[in-house]
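> the sequence isn't on hand, but the structure is:
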Ligand code: NAD
Ligand code: DAU
């Protein structure tokens, strides 16, 4: 697909910034990127500071809220946007349990605004790629996988808001012929992930000698997808996917949370031993479970695999090691990401929720 002016929403966040980097540095993308991001606590323009210097003609940043219809229309017209890859969202389940309002606003109303902007300026518009989550499918037992046919059964305010946005995208395709594709992926990890999610939180706490708060019995299962593999899958779907279709993206790496945390401790102990015989696993602390905590996610991505021969390249062992090394080498990024609202949130978490079970 020959995209000239691609709007990437949420491009200063974890996956969005990795995606922009991937498009400009590695993919066969020749157009221009317009990164639209509100810069919430999770958005960090530093993730792309080198990119804006190295690609001045092909990358622009617009600080804007996707809920602002006037701004969205203006940006759409000013840059003659012909495709959108939509990442912008409130993305953290724990936050959605405490304060759901912003999830409804950004994830539902924001997505609606983008769809309306496209509808009103249809012209040369070619593709809306909606980045969604496997959490819309709910929770699995010990057996089975989520397929594209699995009925929606979201359990948290976050996943319910993502499910609503998926339905809107689908409806705009069916009703107005809007050229849209949806991808639903599993848990991402890798460089630039804000340290509130499991893997970066555990890496940083373990380095600081702080407790490693594992929810419930630690036996909940997630399917871990290295962020660069996710970026490659999205670009594959953008180029070759059929409009109106949904594609699941998974990492082929199911793992219990407690095992992930132990793996992180082992890798850190090997790279930076504390003292002879000491293991960071001693920091593991079982805490009160997350309300409505989904037990298991597992993705069947055979549709994507069969159609386009896509498969994840990174195993959990190799991806986790790369991720840990990245966090070790990027202390400045960590320091700045952890200032301000992050500190307030984490300290609130520890005071109210993370008392040992
Ligand atoms: P993130 O929280 O790291 O980044 C979200 C970005 O969106 C931030 O830069 C933030 O500033 C921006 N943003 C938030 N509200 C906005 C608004 N109203 N207007 C403009 N920008 C706004 O999220 P992420 O982990 O990179 O996730 C990106 C997308 O992928 C989300 O849609 C999420 O639901 C989806 N997803 C994430 C994962 C995962 O494991 N992280 C897995 C499946 C799907
Ligand atoms: O499955 C895709 C989803 O993955 C995305 O849609 C979300 O945006 C993303 O945040 C992620 O959601 P999770 O809730 O699965 O991710 P999180 O990193 O918050 O938690 C992963 C697992 O680890 C989950 O079972 C809860 C557990 N956990 C998490 C934290 C933060 C802990 O045990 N302790 C913790 O401190």
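Ah, there it is. Since we're looking at a predicted model, the values are computed, not measured. Ligands and ions are numbered 1, 2, ... in the order given.
> where along this structure do the helices fall?
Along the chain, the stretches classed as helices by DSSP state H are 14-25, 49-54, 69-78, 93-98, 101-103, 111-120, 157-176, 198-208, 227-240, 257-271, 302-308, 316-329, 331-337, 341-352.
> for those helices, which one sits closest to residue 219?
Among the helices of the chain, the nearest to residue 219 by C-beta to C-beta is helix 257-271 (6.7 Å). C-beta coordinates here come from the backbone N, C-alpha and C atoms, glycine included.
> right, is the closest one up against ligand 1?
No. Between helix 257-271 and ligand 1, judged by C-beta under 6 Å from any ligand atom, nothing touches; the nearest distance is 13.3 Å.
> mind listing what's buried along that helix?
Neighbour counts over helix 257-271 (16 or more other C-beta atoms under 10 Å) mark 257-258, 260-265, 267-268 as buried.
> distance of the residue of the stretch 251-357 of the chain found nearest ligand 2 from ligand 1?
Per C-beta to the nearest ligand atom, residue 257 is where the stretch 251-357 of the chain lies closest to ligand 2, at 4.5 Å. The gap separating residue 257 from ligand 1 is 14 Å, by C-beta to the nearest ligand atom, to the nearest Å.
> pretty sure that residue sits against residue 198.
Yes. Counting by C-beta atoms under 8 Å, residue 257 touches residue 198, with 6.5 Å between them.
> next, count neighbours for residue 100.
If you count neighbours by other C-beta atoms under 10 Å, residue 100 ends up with 16.
> also the one 4 residues further on?
One way to gauge burial is a neighbour count; for residue 104, by other C-beta under 10 Å, it gives 16.
> please name the nearest non-neighbouring residue to it.
Distances taken as C-beta to C-beta, 6 or more residues apart in numbering place residue 161 nearest to residue 104, at 5.7 Å, with adjacent residues excluded.
> confidence score at that neighbour?
Predicted confidence (pLDDT) for residue 161: 98.
> spit out the contact partners of it.
89-90, 96, 100, 103-104, 107-108 (C-beta atoms under 8 Å, 6 or more residues apart in numbering).
> kindly recompute the last result at 7 Å.
103-104, 107-108 (C-beta atoms under 7 Å, 6 or more residues apart in numbering).
> distance-wise, check the nearest residue to residue 300 once chain neighbours are set aside relative to residue 134.
Setting aside the residues directly before and after it, residue 300 is nearest to residue 145 in space (C-beta to C-beta, 6+ apart), at 3.8 Å. Distance, residue 145 to residue 134, using C-beta to C-beta, to the nearest Å: 10 Å.
> picking up where we left off before, pretty sure the residue of the stretch 251-357 of the chain closest to ligand 2 contacts residue 214?
Yes. Counting by C-beta atoms under 7 Å, residue 214 is a contact partner of residue 257 at 6.0 Å.
> sketch out the low-pLDDT regions of the stretch 151-300 of the chain for me.
Applying pLDDT under 70 to the stretch 151-300 of the chain flags no residue at all.
> ok, which residues in the stretch 101-250 of the chain are in contact with ligand 2?
133-135, 186-187, 197-198, 201, 213-215, 220, 222.
> now with 5 Å?
133-135, 187, 197-198, 213-215, 220 (C-beta under 5 Å from any ligand atom).
> just put those in TSV and tack on neighbour count and distance to residue 83.
Shown next, in TSV, are those (neighbours: other C-beta atoms under 10 Å; distance: C-beta to C-beta, whole Å):
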residue	neighbour count	distance to residue 83
133	22	21
134	26	24
135	23	25
187	22	26
197	18	28
198	21	32
213	23	40
214	23	41
215	19	38
220	20	36
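> in strands, which of the residues you listed fall?
Counting by DSSP state E, the part of these found in strands is 133, 187, 213-215.
> residue contacts, residue 39?
With C-beta under 7 Å, 6+ apart, residue 39 has these contacts: 12, 45, 63.
> what is the nearest of those to residue 31?
Of all these, residue 31 sits closest to residue 12, with 19.4 Å by C-beta to C-beta.
> my guess is that closest one meets residue 44, correct?
Yes. In this structure, residue 12 is within contact of residue 44 by C-beta under 7 Å, at 5.7 Å.
> which of the two has more residues huddled nearby?
Legend: neighbour count by other C-beta under 10 Å for residue 12 and residue 44, higher for residue 12 (26 against 20).
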